[in-house]
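*Asks:* this is a predicted model, with the sequence first.
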Amino acid sequence: MIAEAALARYGLTASAELLNVSENETYLVHGPGASQTVLRVHRLDYHPPGAIPSELAWLDALRTEAGVRTPRVIPAADGSRVVTVPDPSGGPDRDCVLFEFLPGREPREDDLVTDFEPLGALTARMHRHARAWTRPPGFVRFHWDTPAAFGADGAPGRWGDWRLAPGVGPAERSVLERLETTLRERLRRYGSGPERYGLIHADLRLANLLVDDGVSVIDFDDCGFGWYLYDLGAALSFFEHLPEVPEVIDAWVRGYRSVADLPAADEAEIWTFVLFRRLLLTAWIGSHPAVDIAASLGAGYTAGSCALAEQYLSTHT
């Protein structure tokens, strides 16, 4: 078992309980000296060399320099922060990282307004830090721009092609192609100057937030360079259709503006990033049929994406 082989590198005689399989495998570690730790076994062929240490560098800097609660990285017995272990079944070697376990609960969908105002403030602190931070030599992370989202030069986007998602027939394809065209054009006009585009978490969905006496942020595996407002679009993942979302967005904006400026021109494009993320997730569902949440959402998510696209296109074209 890969997890057990990785734990041996930490000098731990412990058991690993599988918590989640989405992209990576995440385990809760039990045993002497291993209490309150989480092991992440990375997927294959997702990150270029140097990307995982770069992620961990920003995670550390946010905690020590910006007061953002992030999990500490626990080094292996030899001091390594990323350990590479052979797959006992003969597959390729896998990269693994051990983190401390942070307490808290996922924000509740029945009280999102309460949680999203502090989340807005926290996101502003992360963005303020990203704008000022001097990244270490060799820092490398990917981009969440339109080629990454929708593909370029005949290659699909990072999460696949939304056209292959369940429930995409001719009518759905027509609506979503209009959406993609509009998003590309609005984002081109919006621009990617340093005031709007930089290092972001890129996956601040509810599952990656822990509410206790504040908000903690976990799972920086998708962090990279993108539009700052994409972090809000990601935070609304999988419930963009709820009627209270406009109120939730207002709470996030209030929190953000308590820490940093958010110009009116940026606020006007919030729904552009909500739909940008939604179309990315539609592609993700199509390319991850074995993941539980993708299988459960299926064609219904595509139908919801079309309904939201129609609403957006009625006011943004």
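*Replies:* Done, it's in.
*Asks:* residues touching the residue most central in space within the chain, list them.
*Replies:* Most central residue of the chain, judged by C-alpha distance to the mean C-alpha position with CA atoms, centre = their mean, is D203 at 1.5 Å. Going by CB atoms under 8 Å, 6 or more residues apart in numbering, D203 touches D219, D221, D222, C223, A234. Glycine gets a C-beta too; all of them are placed from N, C-alpha and C.
*Asks:* in CSV: those residues, plus pLDDT.
*Replies:* Conversion of the contacts of D203 to CSV gives the following (pLDDT from 0 to 100):
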residue, pLDDT
D219, 96
D221, 96
D222, 97
C223, 98
A234, 98
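*Asks:* quick one on the thing from earlier: next up, phi/psi of the residue nearest to the centre of the chain, please.
*Replies:* Per-residue torsions, D203: phi -150, psi 50 (degrees, to the nearest 10).
*Asks:* and the nearest residue to L204 once chain neighbours are set aside, how far from E100?
*Replies:* Counting by CB to CB, 6 or more residues apart in numbering, L204 lies nearest to A235, which is 4.4 Å off, once chain neighbours are set aside. As for A235, its distance to E100 is 23 Å (criterion: CB to CB, to the nearest Å).
*Asks:* kindly report the same for P156.
*Replies:* P156 sits 36 Å away from E100, going by CB to CB.
*Asks:* more crowded one of the two?
*Replies:* Taking neighbours as other CB atoms under 10 Å, P156 and E100 compare with P156 leading, 15 against 12.
*Asks:* what about the one helix or strand R188 maps to, average pLDDT?
*Replies:* For R188, the element it lies in under DSSP states H and E is helix 170-190. Helix 170-190 carries an average pLDDT of 98.
*Asks:* check which residues of the lowest-mean-pLDDT helix or strand in the chain are buried.
*Replies:* Sorted by mean pLDDT, DSSP states H and E, the helices and strands of the chain end with strand 15-21, the least confident at a mean of 86. Going by neighbour count (16 or more other CB atoms under 10 Å), the buried part of strand 15-21 is A16, N20.
*Asks:* now swap in stretch 88-101 and tell me
*Replies:* Counting neighbours by 16+ other CB under 10 Å, one finds that the buried residues in stretch 88-101 are R94, D95, C96, V97, L98, F99.
*Asks:* next, give phi and psi for the last one.
*Replies:* Dihedral angles phi and psi of F99 (degrees, to the nearest 10) take the values phi -120, psi 160.
*Asks:* tell me how far it lies from R178.
*Replies:* Between F99 and R178 the distance, using CB to CB, works out to 42 Å.
*Asks:* ok, P118 next?
*Replies:* 36 Å.
*Asks:* with E117 instead?
*Replies:* The span separating E117 from R178 equals 34 Å under the rule CB to CB.
*Asks:* which of the two has more neighbours?
*Replies:* For E117 versus R178, the count of surrounding residues by other CB under 10 Å is larger for E117: 19 against 15.
*Asks:* which residues touch that one?
*Replies:* The neighbourhood of E117, defined by CB under 8 Å, 6+ apart, consists of A251, W252, R254, G255.
*Asks:* change it to 6 Å
*Replies:* Shown in contact with E117 (CB atoms under 6 Å, 6 or more residues apart in numbering): A251, R254, G255.
*Asks:* and it, which of the three is it?
*Replies:* helix (DSSP: H, G, I helix; E, B strand; the rest coil).
*Asks:* kindly state the pLDDT recorded for it?
*Replies:* At E117 the predicted local distance difference test score is 95.
*Asks:* before I go, just wanted to say thanks for your time.
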